[in-house]
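Participant: Following is a predicted model, sequence given first.
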Amino acid sequence: MAEHYKPNKYKAWELTLEERFQEVYPAFSAREAVLEANRCLYCHDAPCMVACPTSIDIPTFIRKIATGNTKGSARTILESNLMGATCARVCPVDVLCEGDCVLTADHKPIAIGRLQRYATDYASEKGIRFFKAGEPNGKKVAVVGAGPAGLSCAGELAKAGFEVTVYEKKKWSGGLSTYGIVVFREPVEVSLAEVKMIEDLGVTFKNNIEVGKDLSFDQLIEEHDAVFLAIGLGNVPEMEVPGEQLTGVLDGLEFVAETKTESLDSIKHGQRICVIGAGNTAIDCATIARRLGAERVTMIYRRSEAEMPAYHFEYEFALKEGVSFMFLTQPVEILSNDKGEVDGLKCIRMDLGKPDSSGRRSPVPVSDSEFVVPCDMVIKAIGQNKPSAVLAMLAPFGVEQVKGYLKVDDGNRTSHEKIFAGGDCVRSHGEASTVMAVQDGKIAAASIARQLLGADKPLAEAVSKR
Amino acid sequence: MPDLSIDFCGIKSPNPFWLASAPPANSAYQIQKAFEQGWGGAVWKTIGAPVLNVCNRYGTIDYKGSKIIGLNNVELISDRPIDLNLREMAEVKRNFPHHAVIASIMVESKKEAWQEIIKRTEETGIDGFELNFGCPHGMSERGMGSAMGQVPEYTAMVTEWVMAVATKPVIVKLTPNVTDIVLPARAALKGGASALSLINTINSVMGVDLDTFELQPNVGGKGGHGGYAGPAVKPIALHLLSAVAADPEILKSRLPISGMGGVETWRDAVEFMLLGATSVQVCTAVMHWGFRIVEDMIEGMSNWMEEKGFETCNDFIGKSLPRVSSFGDFDLGFQSVARINHDKCIQCNLCYIACNDAAHQCIDLKELKITDEVKERAWPVVREEDCVGCDLCSRVCPVDDCITMVEIDTGRPHTTWNELVKAKPEVLEWDKMEAYRKTANIHIH
């Protein structure tokens, strides 16, 4: 992936703010796409397809690009993954499809992600609709949360004839695709177009409604034949250090959301920014800050490079964007000046000790090693809160949990017969990703169809063949 | 440094690379530019009967992103006045006395017309003639070009007319648009030709536009057959060359042959020469990339000759001809089987699906546990006892030297079909054939 990367010119003054927030990887031209598609060997029983959590028939969709059947290519993709346009942009292809491409060994893998983007963008630009609502089957399903898992489930159910209502607490649907993926990875329009596609399948969207607050779970369960919970996770947790309430301290996800929903020139940012954490969201925050114009962006992480949770290509991306890293460093206090503004981050150096429960070597503070990193803004990106409030509300219904996440079976059903769940809120182990969420939605839709319609066919078939 | 110069029935050329009679050899300007860049000779674009051209004149086949693997044209012979062409021939010959300049000729089927133009052209000092009996479009409809080349009697007759007056060597250019090219080749020999050249272009329609339904090339909404050339026709050219070059009558006559049809690189040129061509002619590759490609052709061939220990072109011209055979003389006892090198295999499994769907179902996908990978995929494995040795798997394999066809000894008698049916004519009955197969240890799968 890295080789397609066109570095942002840091001569930032040569680019407008809008230009700096264009998609990092330019779209393939028609000729580029066909040439790249023609490189594909069209493997039998292709490993890329096995590596894709949603089992997209990758050799087939690539062959269709090569033959000039781009419309058919998009259909092949969307049949397996309704969020194909988002996944084309945000999937960690290095560790999934492209990572397993047979050409990787002595050559370079096919640019599967960019080809998928080419095909899905084609269909989107032409306004092609491949699927329609199924013959109404009289069953009603509520989906809570309009992120990738919710949308995927809603879409598959609508194709199978269910009456689906999606409840979303935010103004816009799309979840992290809309609010959480940096704009130069996925423009907000791409996510909203996917929402529109689901809406066109007859799915009703009720935005600005938070289930559990504006609408009770009792009522929801009462009024629907099944409920699919795709509520995601919460805000960035507290670091529990002094100074965390200062005004220059931001929640990383909110910072990303701002760049997706507000005009870029209205976003206030510091010039010397510390980003706490080393996951993909932390990288997003750091690179956005650079592109907004921050002079110095430092990522602070208490473990070492080897333990950082961000994808390797994201780490490389941040390095190329001029982000600096301070590993084995733990924040202990956020300092402020007389006016109550952030003016420094007090940190302590760490050493790696014995492996902890996660198998990673746990960081141990080095005594008397405190130092201050001067800064005027601190962005926290140290993960997301678990869905504890919702779990508490659902406990009376018998919905069980595992490590603070919703507990589901192989068919994504919770311990309550009518309640299903998927996406990040069930990801008690393994890596949370958009494509896994999409697959969760498909699995749940299939389970719901089987449960409510008694279809004995493998559900995935029942839902996606329409 | 090997010597690349050739003597083609008396026509001397510093190397075997000639421009074919075609648009790149249309004028003194072009040919002199080509000679300066290294081309050894040129067959001037055909002069003769008056013509009017149309547009568009070309159609092409592109394949998987590569442009022009095949080119077709409906351009006619030179539309420049004969006097101008003759003046320019004289000029080129004056400026490049050691290069081969050959005039291609085509006029109507009249003895006087042919003899008059031959005489006039000889005055320019050119080194020889090529009789265009092959142009398949435009001229053929007027009774010229391939219309002459497709009738051996005409070929012999016109060749005789020309030989009666020509003092320079005469090459007869053959059309591939015939059932058996050996017949017009022998006719040219009978007419007294000094040499042969082949192939001219092949009748073709290049394509149909899916939006406008027009043919390609598209001449104002209409299209028709044109002459097909370029890399895609090379196998056809090699076949026709080998058929002519290995023909006993042609072999005995020792007529030199100028080979063409899809020559693009020095490698192609070597192949044509191994099958008996003394010089090679190039058109499409020059139309695609210009004259400059000749530098690599000369250097590539020279390096190859050095590597192989050949000092002159004559050391390898025709070297593969003794291997030209026919089905009835192939060894039925020869058995090869496919071997897959799993160190090189990338597990695309194209060999598996090709064998399974399109051949003899003798490659299996097996769990071999060759590597330490957790999610190791199945590997293609040949069941050698069932492998018929068809070679399809190694042809589809995208990795060099991963699948090789290995000769094995089956203890089977080494006989040919011709020998077999002579010795045991009864095998032409199916039950006898089955019985023979059993005794000869020939299994089918």
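Facilitator: Received, thanks. Numbering: from 1, shown residues only, chains lettered A, B, ... in the order given.
Participant: going forward, measure contacts and count neighbours with C-alpha atoms only.
Facilitator: Will do.
Participant: ok, now how distant is the residue in chain A positioned nearest to chain B from A:Leu103?
Facilitator: In chain A, the residue that lies nearest chain B is A:Cys43 (4.6 Å; C-alpha to the nearest C-alpha). A:Cys43 sits 10 Å away from A:Leu103, taking C-alpha to C-alpha, to the nearest Å as the criterion.
Participant: Contact partners for A:Glu324?
Facilitator: Not Glu; residue A:324 is Ser. A:296-299 (C-alpha atoms under 8 Å, 6 or more residues apart in numbering or on different chains).
Participant: just A:Thr434 next, same as before
Facilitator: For A:Thr434, the contact set (C-alpha under 8 Å, 6+ apart) comprises A:87, A:90-91, A:148-149, A:423.
Participant: And the pLDDT at it?
Facilitator: The predicted local confidence for A:Thr434 comes out at a pLDDT of 96.
Participant: got the phi/psi numbers for it?
Facilitator: Main-chain dihedrals, A:Thr434, degrees, to the nearest 10: phi -60, psi -50.
Participant: And the helices in the stretch 1-150 of chain B, which stretches?
Facilitator: Taking DSSP state H, counting those that start in this stretch, the helices of the stretch 1-150 of chain B run over residues B:28-37, B:82-95, B:111-122, B:146-149.
Participant: closest to chain A out of those?
Facilitator: Closest of these to chain A is helix B:28-37, at 32.6 Å (criterion: C-alpha to the nearest C-alpha).
Participant: Could you report the distance from the residue nearest to B:Ile298 when sequence neighbours are not counted to B:Ala42?
Facilitator: Nearest in space to B:Ile298, with sequence neighbours left out and distances taken as C-alpha to C-alpha, 6 or more residues apart in numbering or on different chains, is B:Trp266 at 7.1 Å. The span separating B:Trp266 from B:Ala42 equals 17 Å under the rule C-alpha to C-alpha.
Participant: Which of these two has more residues huddled nearby?
Facilitator: Between B:Trp266 and B:Ala42, B:Ala42 has the larger neighbour count (other C-alpha atoms under 10 Å in any protein chain shown), namely 28 against 22.
Participant: For the stretch 201-350 of chain B, give the residue positioned nearest to chain A.
Facilitator: With C-alpha to the nearest C-alpha as the measure, the residue in the stretch 201-350 of chain B that lies nearest chain A is B:Cys348; the distance is 4.6 Å.
Participant: Just give me the neighbour total for that residue.
Facilitator: Per other C-alpha under 10 Å, the neighbour tally for B:Cys348 reads 23.
Participant: same thing with B:Ala147?
Facilitator: 22.
Participant: For it, list the residues it contacts.
Facilitator: Contact criterion C-alpha under 8 Å, 6+ apart gives B:133-134, B:136, B:140-141 as the residues in contact with B:Ala147.
Participant: run the last query once more with 7 Å
Facilitator: Taking C-alpha atoms under 7 Å, 6 or more residues apart in numbering or on different chains, we find B:Ala147 in contact with B:Ser140.
Participant: One more: A:Thr247?
Facilitator: Under the criterion of C-alpha under 7 Å, 6+ apart, the contact partners of A:Thr247 comprise A:Glu341.
Participant: And the pLDDT at it?
Facilitator: On the pLDDT scale, A:Thr247 is placed at 90.
Participant: now it, what's its secondary structure?
Facilitator: The three-state label for A:Thr247, taken from DSSP: H, G, I helix; E, B strand; the rest coil, comes out as coil.
Participant: Now that the residue nearest to B:Ile298 has come up, it's in contact with B:Val294, right?
Facilitator: No: contact between B:Trp266 and B:Val294 fails when scored by C-alpha atoms under 7 Å: they sit 8.5 Å apart.
Participant: what residues does the stretch 51-200 of chain B put near chain A?
Facilitator: Residues of the stretch 51-200 of chain B found near chain A (C-alpha under 7 Å from any C-alpha of the partner chain) are B:64-65.
Participant: So, low pLDDT: which residues of the stretch 51-200 of chain B?
Facilitator: In the prediction, the stretch 51-200 of chain B carries no residues with pLDDT under 70.
Participant: in the stretch 151-300 of chain B, which spans are strands?
Facilitator: Ranges of strands in the stretch 151-300 of chain B, per DSSP state E, counting those that start in this stretch, are B:170-173, B:195-198, B:202-204, B:207-208, B:215-216, B:226-229, B:257-260, B:277-282.
Participant: Could you point out which of those strands sits nearest A:Gly113?
Facilitator: Closest of the strands of the stretch 151-300 of chain B to A:Gly113 is strand B:207-208, at 33.0 Å (criterion: C-alpha to C-alpha).
Participant: That closest one packs against which elements?
Facilitator: Secondary structure elements in contact with strand B:207-208, counted by 3 or more C-alpha pairs under 7 Å, 6 or more residues apart in numbering or on different chains; DSSP states H and E, are strand B:215-216.
Participant: Strand partners (parallel or antiparallel) of the strand it packs on?
Facilitator: The sheet places strand B:215-216 alongside strand B:207-208 (antiparallel), with pairing taken from DSSP bridges.
Participant: Quick one: residues in contact with the partner strand.
Facilitator: For strand B:207-208, the surrounding residues in contact (C-alpha under 7 Å, 6+ apart) are B:214-216.
Participant: try 8 Å
Facilitator: B:59, B:214-217.
Participant: Touching, B:Ile353 and A:His44? I think so.
Facilitator: Yes: distance between B:Ile353 and A:His44: 6.5 Å, which falls inside the contact criterion (C-alpha atoms under 8 Å).
Participant: Compare neighbour counts for these two and give me the winner.
Facilitator: It is B:Ile353, of B:Ile353 and A:His44, that has more neighbours when counted by other C-alpha under 10 Å, with 21 against 15.
Participant: by contact count, what packs against the stretch of helix or strand the more buried one belongs to?
Facilitator: For B:Ile353, the element it lies in under DSSP states H and E is helix B:350-358. Of the remaining helices and strands, those touching helix B:350-358 by 3 or more C-alpha pairs under 8 Å, 6 or more residues apart in numbering or on different chains; DSSP states H and E are strand B:363-366, helix B:392-396.
Participant: tell me the mean pLDDT over stretch A:278-293?
Facilitator: Taken as a whole, stretch A:278-293 carries a mean pLDDT of 94.
Participant: got a list of contacts for that stretch?
Facilitator: Contacting residues not belonging to stretch A:278-293 are listed as A:12, A:17, A:20-21, A:181-182, A:252-253, A:255-256, A:264, A:269, A:271, A:273, A:275-276, A:296-301, A:308-311, A:314-315, A:318, A:321-323, A:379-383 [C-alpha under 8 Å, 6+ apart].
Participant: got it, and stretch A:189-209?
Facilitator: A:82-83, A:85-86, A:124, A:129, A:131-133, A:151, A:154-155, A:158-159, A:163-174, A:177-178, A:215.
Participant: buried set for that stretch?
Facilitator: Within stretch A:189-209, the residues that qualify as buried by neighbour count (16 or more other C-alpha atoms under 10 Å in any protein chain shown) are A:190-195, A:197-207, A:209.
Participant: Could you list the alpha-carbon positions for it in CSV?
Facilitator: Listed next in CSV are the C-alpha coordinates belonging to stretch A:189-209 (Å, rounded to 0.1, in the frame of the first residue of the first chain):
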residue,chain,number,x,y,z
GLU,A,189,-19.7,11.6,1.2
VAL,A,190,-18.7,8.0,0.7
SER,A,191,-20.1,7.0,4.0
LEU,A,192,-23.3,9.0,3.5
ALA,A,193,-23.8,7.4,0.0
GLU,A,194,-23.7,4.0,1.6
VAL,A,195,-26.4,5.2,4.1
LYS,A,196,-28.5,6.4,1.2
MET,A,197,-28.1,3.0,-0.5
ILE,A,198,-29.5,1.3,2.6
GLU,A,199,-32.2,3.9,2.9
ASP,A,200,-33.2,3.2,-0.7
LEU,A,201,-33.8,-0.4,0.3
GLY,A,202,-36.7,0.8,2.4
VAL,A,203,-34.9,1.0,5.7
THR,A,204,-36.3,3.7,8.0
PHE,A,205,-33.7,5.8,9.8
LYS,A,206,-34.5,7.5,13.1
ASN,A,207,-31.6,9.8,13.9
ASN,A,208,-31.0,11.8,17.1
ILE,A,209,-32.6,9.1,19.1
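Participant: Since that was my last question, I'll sign off now.
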